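> missing the sequence, but the structure's below:
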């Protein structure tokens, strides 16, 4: 019990405050709470408004969103609703949100910070609503705004923003998900009619898991291989790679247009309020101007032109404009993490089990085992809050300045944070559910539904394993730029900088085990920086040796565990950087407790 007494001082302040609002609501409703221990009743108080002001400068929007659903309980999902009922409810929720004066597409167009904050708020109302909103405004609307011209904006902006034109983002195919460059859907220019012919060449090219498609979608941004007649006079087609096209799907009565075939993907593990569907195109004709032509255009003669000189650069620019989807998922995942740990800690603070002989039962939160489960999650939630804010800030700067280096940084950071945050949140949801015991298994407590709904966050908008490899690829690119030269000279340059102090030394060789030292943010920063530098250096050596024997592809595959470890640790360094820029080292100290294992185990 000694460790419980030592830890109780810190925890009592938290548990008392977490129970305060709930107790006031119960008192107002005439409910009588079961008696708590004297220690809990005598806890000191703190003002949560001060903390909220520090953490949350858009809190008035949060209140507006939450009040909308708080005072209209018919808009909240129930655990026994069918797929059809959930979809109808989400549709009603989205209309209610728009009717309240909140226009997500306007935020996405003019105020990215508000847009991503709205995603975080909606994640705790209903994840299906958050995802459907993201499909409509960030993916469908965002692709039109970011990949199209001013003509496309004028034609579609108002109808997309008011949900008069529900739309889809038709990228993923049955056979290809992460490998976007290998998509098979075709868009062939018919020069005689000045039209694109959109076609699904085989079953593997059917667009799959397309949000909004099964019921609501009237149009879609379709990613297809742009093909025009060859200019050499010998016939045939010139394939310019994957581009985006606006393709109508349904008429005003909701019937599929000629050549468009749509099937419902049915029940899913979660997010059953989102109507995912499969789309097949059979020689569907659309005007030539339906090509979203910001990065490439085709004239009436079939001549292809682009301000970007290579297919690789055009493809990268196209996908780079879709980074906002990953930023939004990161924000939503952080919102889910905050909600889940709040539920678990409130329950653990109020729930009492066992205790010393002839004494009151002890709060579950006072047990060391519960503290070790929940407090690292709470600490990490603070870390991820600041890291998410840092990512949003960089994204806003990137969109404002169009700086090429910043674009590359945001791409890598959004990939890494999306992967790290969503994976951590998914694991934390299971821990929170288990920490609430049998009562946590009740559907009404939401932890099970959050876990099912959030699961797919690890896959869509980029599979986490693939995204982490992109992070490592960016690190390797920077390493090679810094240590240019032949294999021997680059290693010598690395060692010179290491000896000269330009690279971090191993902070563990001091063998200091004092608690104050091990919790010192300076030590933790140094340990993580050393870990990244060491992993990066050794990975480069391994890849170089493997390439000589088996080539690039198999060399990369043989080092995948090393590659993923490097990406994960580098994201921890990113957390620390964002915390430091927010001058929140007290939060950093808490967060580092949950990151220590990455230094010693990864």
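Structure received. What you see is a predicted model; the values in this text were computed from it and never measured. Numbering: from 1, shown residues only.
> host element of the closest residue to residue 323 other than its chain neighbours?
Residue nearest to residue 323 in three dimensions, not counting chain neighbours: residue 414, with 5.2 Å by Cβ to Cβ, 6 or more residues apart in numbering. All C-beta spots, glycine's among them, are computed from the backbone N, C-alpha and C. For residue 414, the host element (DSSP states H and E) is helix 404-435.
> chain center to that helix, what's the gap?
Between the centre of helix 404-435 and the centre of its chain there are 6 Å (Cα atoms, centre = their mean, to the nearest Å).
> How about stretch 180-199?
Relative to its parent chain, stretch 180-199 has a centroid offset of 31 Å by Cα atoms, centre = their mean.
> what's the answer for stretch 204-216, then?
On the basis of Cα atoms, centre = their mean, stretch 204-216 is displaced by 21 Å from the centre of the chain it belongs to.
> Could you pull out the buried residues of that stretch?
Residues 205-216 are the ones in stretch 204-216 that count as buried (16 or more other Cβ atoms under 10 Å).
> cool, and stretch 402-415?
Neighbour counts over stretch 402-415 (16+ other Cβ under 10 Å) mark 406-408, 410-415 as buried.
> Farthest-apart pair in those, please.
Using Cβ to Cβ, the pair of those lying farthest apart is 406 and 415, separated by 14.7 Å.
> Go through the buried residues of stretch 204-216 and name the one nearest residue 475.
When the buried residues of stretch 204-216 are compared for distance to residue 475 (Cβ to Cβ), residue 209 wins out at 30.7 Å.
> Okay, helices next: where are they in the stretch 51-200 of the chain?
Under the criterion DSSP state H, counting those that start in this stretch, the stretch 51-200 of the chain carries helices at the ranges 59-70, 83-99, 104-110, 112-125, 127-133, 142-147, 150-161.
> picking up where we left off before, generate CSV for the buried residues of stretch 402-415, with distance to residue 451 and pLDDT as supplementary columns.
As requested, these are arranged in CSV below (distance: Cβ to Cβ, whole Å; pLDDT from 0 to 100):
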residue, distance to residue 451, pLDDT
406, 35, 88
407, 34, 88
408, 34, 86
410, 29, 90
411, 29, 90
412, 28, 88
413, 26, 90
414, 24, 93
415, 24, 92
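> With respect to residue 131, which of the residues you listed is nearest?
Closest approach to residue 131 among these (Cβ to Cβ): residue 414, at 17.5 Å.
> hang on, isn't that closest one packed against residue 319?
No - the criterion here is Cβ atoms under 8 Å, and residue 414 misses it with residue 319 at 11.5 Å.
> a markdown table please, covering the helices of the stretch 51-200 of the chain and showing distance to residue 470, mean neighbour count and mean pLDDT.
Below are the helices of the stretch 51-200 of the chain laid out as a markdown table (distance: least, Cβ to Cβ, whole Å; neighbours: other Cβ atoms under 10 Å; pLDDT from 0 to 100):
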| stretch | distance to residue 470 | mean neighbour count | mean pLDDT |
| --- | --- | --- | --- |
| helix 59-70 | 32 | 15 | 94 |
| helix 83-99 | 31 | 17 | 97 |
| helix 104-110 | 24 | 19 | 95 |
| helix 112-125 | 21 | 23 | 96 |
| helix 127-133 | 23 | 26 | 97 |
| helix 142-147 | 20 | 24 | 95 |
| helix 150-161 | 29 | 15 | 96 |
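> Please identify which of those is closest to residue 171.
Among the helices of the stretch 51-200 of the chain, helix 142-147 comes nearest to residue 171, with 9.1 Å by Cβ to Cβ.
> before we move on, back to that, in contact with the residue nearest to residue 323, which residues?
Neighbouring residues of residue 414 by Cβ atoms under 8 Å, 6 or more residues apart in numbering: 323, 326-327, 330, 391, 395.
> Apply 7 Å and report the result again.
Residues near residue 414 by Cβ atoms under 7 Å, 6 or more residues apart in numbering: 323, 326-327, 330, 391.
> now residue 142
Residue 142 sits next to 108, 324 when contact means Cβ under 7 Å, 6+ apart.
> Could you check how far it is from residue 115?
Residue 142 sits 10 Å away from residue 115 when distances are taken as Cβ to Cβ, to the nearest Å.
> same deal with residue 198?
Counting by Cβ to Cβ, the gap from residue 198 to residue 115 is 30 Å.
> ok so, going back, indicate which one of the helices of the stretch 51-200 of the chain is closest to residue 452.
Proximity to residue 452, assessed across these by Cβ to Cβ, is greatest for helix 127-133 (9.2 Å).
> contacting residues around that closest one?
Residues from elsewhere that reach helix 127-133, judged by Cβ under 7 Å, 6+ apart: 86, 90, 93-94, 104, 119, 122-123, 211-212, 271-274, 332, 453-454.
> try it again with 8 Å
Outside helix 127-133, the residues that touch it by Cβ under 8 Å, 6+ apart are 77, 86, 90, 93-94, 97, 104, 118-119, 122-123, 211-212, 270-274, 332, 336, 450, 453-454.
> Kindly report the same for stretch 148-167.
Stretch 148-167 is contacted from outside by 94-95, 98, 103-106, 109, 136-137, 140-141, 144-145, 212, 216-221, 246, 289, 292-294, using Cβ under 8 Å, 6+ apart.
> can you rerun that using 7 Å?
Residues from elsewhere that reach stretch 148-167, judged by Cβ under 7 Å, 6+ apart: 94-95, 98, 103, 105-106, 136, 140-141, 144-145, 212, 216-220, 292-294.
> swap in stretch 246-258?
In contact with stretch 246-258 (Cβ under 7 Å, 6+ apart) are residues 198, 217-222, 260, 262, 284, 286, 290, 292.
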